[in-house]
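Q: let's see this in three dimensions:
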Amino acid sequence: SGVAPVVQIWDLLSRTLIARLAGHETKSIGGVFGLRFSPDGQFLATGDFAGTVRLWNLGTNKVDWRTNEPIALGSHGHPISSLVFSADGQRLVSTSNDHTAKVWDVPNQRELATLRGHAGRVWGAAFIRDGKTLATTDKNGRLKLWNVDLPPEDNLFARRAFRGQTGFSGDGRFLASEDGQEITIWDLVKSNATQRINGGSFAFSPADNQIVVVSLAGRLQVWSLKSFSEVGPRDTTTNRMGWKSPSFSARGDRLAVISSEGDIHLWTLAGWDELPKIGAKADWVLFARDGESVLSGGSRSEISRWRIGTGERVGTFSPDSSGVQCASISPDGRLLATDYGDTDTVRLWDVATRREIAQFKGGESGHAEQDVVPRSLQADPPW
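A: So this is what the prediction gives:
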């Protein structure tokens with residue numbers, strides 16, 4: 001996608017172009033601005049500069065995509081900014097410059113609702129795990145929640161501007177967002193029910209409804225969202241100031257956090273037993289999928305993998321991996337995405353081999369450009 005109104009489909013393993021979908025070519029003005037495969041891979045949704053949303057039935061591998069005609073679901077009348085399917089593939093949501101999001105019925109190929117309430121371009125949308133709650137964000141930093149089963153005028157959960165970290169609890173019931181001074185937590189089951197904690201960065205436990213918060217003074221706190229009370233930690237070590245970048249293991253049984261000196265401190269949550277610290281000079285830390293090692297990096301250090309318990313450095317990523325401001329690991333633990341903060345490039349790494357496999361370069365709008373992965377094409381990908 002891009003300025004040309006043509007969609008290209010590539011085979012990742014062979015790195016060859018296998019199809020060009022030209023349904024936008026003569027029926028719209030401008031390029032294709034949004035792409036999204038349905039979860040089962042049967043459909044491809046596309047949106048263009050004119051605001052038209054189209055659905056391509058890819059069917060099986062035997063389909064002749066060159067003659068496949070798309071289904072025009074409808075139009076916003078303004079450029080499309082993003083597309084997202086629900087987990088079951090029954091609904092498609094499009095967002096646009098017209099300050100709205102539209103919900104489409106995929107099997108019946110019709111519009112279900114137009115969600116109004118944003119005061120600016122709607123940048124993106126995401127379904128929560130229940131498949132009914134939709135989160136949308138706009139250019140002004142506002143985040144809104146909608147129940148797509150309710151009438152559009154009745155289903156707005158939240159009306160507040162956010163410019164900091166946001167996240168959902170593991171079961172999708174709670175949403176938290178911070179503005180630098182305060183963390184607001186919504187109970188999505190109870191619609192507008194909210195609680196507030198003074199603090200900055202936070203992390204949800206994936207195992208139960210607990211949230212770890214770094215207070216404004218830099219103290220570490222753990223809150224139960226069931227009782228909305230502080231439940232830990234009991235260790236006096238955590239009363240020191242300057243903590244940042246809290247992170248839970250995938251099982252939720254361990255917590256890692258960075259000290260003001262850049263050391264990685266770790267605890268087992270049962271009993272709050274502290275494990276040996278790791279002198280990493282790091283700004284962030286993430287658990288590897290195995291739960292027995294962590295990844296770290298920062299302005300003063302390269303990305304490294306460390307073994308929990310011994311503090312042994314298992315390996316280091318390339319020498320030019322230093323300076324990463326934030327990172328995210330894929331749910332299966334195979335891939336690490338990193339951002340340097342002062343560039344428009346996101347780098348993708350294979351965790352097992354510690355090799356860089358792709359670079360994604362964004363334009364001025366922050367969207368990925370078409371020619372994004374020059375390095376990944378120079379060497380065989382590790383998968």
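
Q: so where's the stretch 201-350 of the chain uncertain?
A: 234-241, 341-344 (pLDDT under 70).

Q: mind running it again at 80?
A: Applying pLDDT under 80 to the stretch 201-350 of the chain flags residues 232-241, 341-345.

Q: which residues does the residue nearest to the spatial centre of the chain bridge with?
A: The centre of the chain sits closest to Ser328, judged by Cα atoms, centre = their mean, with a distance of 8.3 Å. Beta-bridge pairing of Ser328, defined through DSSP bridges, involves Ala337.

Q: what residues are up against it?
A: 286, 336-337 (Cβ atoms under 8 Å, 6 or more residues apart in numbering). The C-beta positions use only the backbone N, C-alpha and C, and glycine is treated the same way.

Q: where's it relative to Ala250, distance?
A: As defined by Cβ to Cβ, to the nearest Å, Ser328 lies at a distance of 14 Å from Ala250.

Q: quick check: neighbours shared by the two?
A: With Cβ under 8 Å, 6+ apart, Ser328 and Ala250 have no common neighbours.

Q: include distance to Val148 when you put the contacts of Ser328 into a markdown table, please.
A: Below are the contacts of Ser328 laid out as a markdown table (distance: Cβ to Cβ, whole Å):
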| residue | distance to Val148 |
| --- | --- |
| Leu286 | 32 |
| Leu336 | 33 |
| Ala337 | 28 |
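
Q: most neighbours among those residues, which one?
A: Counting neighbours by other Cβ atoms under 10 Å, Leu336 leads the contacts of Ser328 with 26 neighbours.

Q: which residue lies closest in space to that one, excluding its sequence neighbours?
A: Leaving aside its chain neighbours, Leu336 sits nearest to Trp349 (4.4 Å; criterion: Cβ to Cβ, 6 or more residues apart in numbering).

Q: Arg313 contacts Arg305, correct?
A: Yes: Arg313 lies in contact with Arg305 (Cβ atoms under 8 Å); the separation is 7.3 Å.

Q: of these two, which one has the most company?
A: Neighbour totals were compared for Arg313 and Arg305, and Arg305 leads with 19 against 14 (other Cβ under 10 Å).

Q: partners of the helix or strand containing that one in the sheet?
A: Assigned by DSSP states H and E, Arg305 belongs to strand 301-307. According to DSSP bridges, strand 301-307 forms sheet pairs with strand 293-298 (antiparallel), strand 313-316 (antiparallel).

Q: buried residues, it. List them.
A: 301-306 (16 or more other Cβ atoms under 10 Å).

Q: next one: stretch 136-143
A: Within stretch 136-143, judged by 16+ other Cβ under 10 Å, the buried ones are 136-138, 142-143.

Q: and Arg20, helix, strand or coil?
A: The local conformation at Arg20, judged by DSSP: H, G, I helix; E, B strand; the rest coil, is strand.

Q: show me what it is bridged to.
A: In beta-bridge terms (that is, DSSP bridges), Arg20 pairs with Gln8.

Q: what number of residues lie near Ala352?
A: With other Cβ under 10 Å as criterion, Ala352 counts 14.

Q: now it: how far from Leu13?
A: Ala352 is 18 Å from Leu13, by Cβ to Cβ.

Q: Leu83 and Gly47 touch, don't they?
A: Yes: counting by Cβ under 8 Å, Leu83 does reach Gly47; the two are 5.6 Å apart.

Q: my guess is Ser322 meets Glu302, correct?
A: Yes: if you go by Cβ under 8 Å, Ser322 and Glu302 touch, sitting 4.6 Å apart.

Q: wait, isn't Asp253 in contact with Leu266?
A: No: with contact defined as Cβ under 8 Å, Asp253 does not count as touching Leu266 (11.0 Å).

Q: ok, the two, which is more surrounded?
A: Neighbour count, other Cβ under 10 Å: between Asp253 and Leu266, Leu266 has more, with 23 against 15.

Q: now that one: phi and psi?
A: Backbone torsions of Leu266, given as degrees, to the nearest 10, read phi -130, psi 140.
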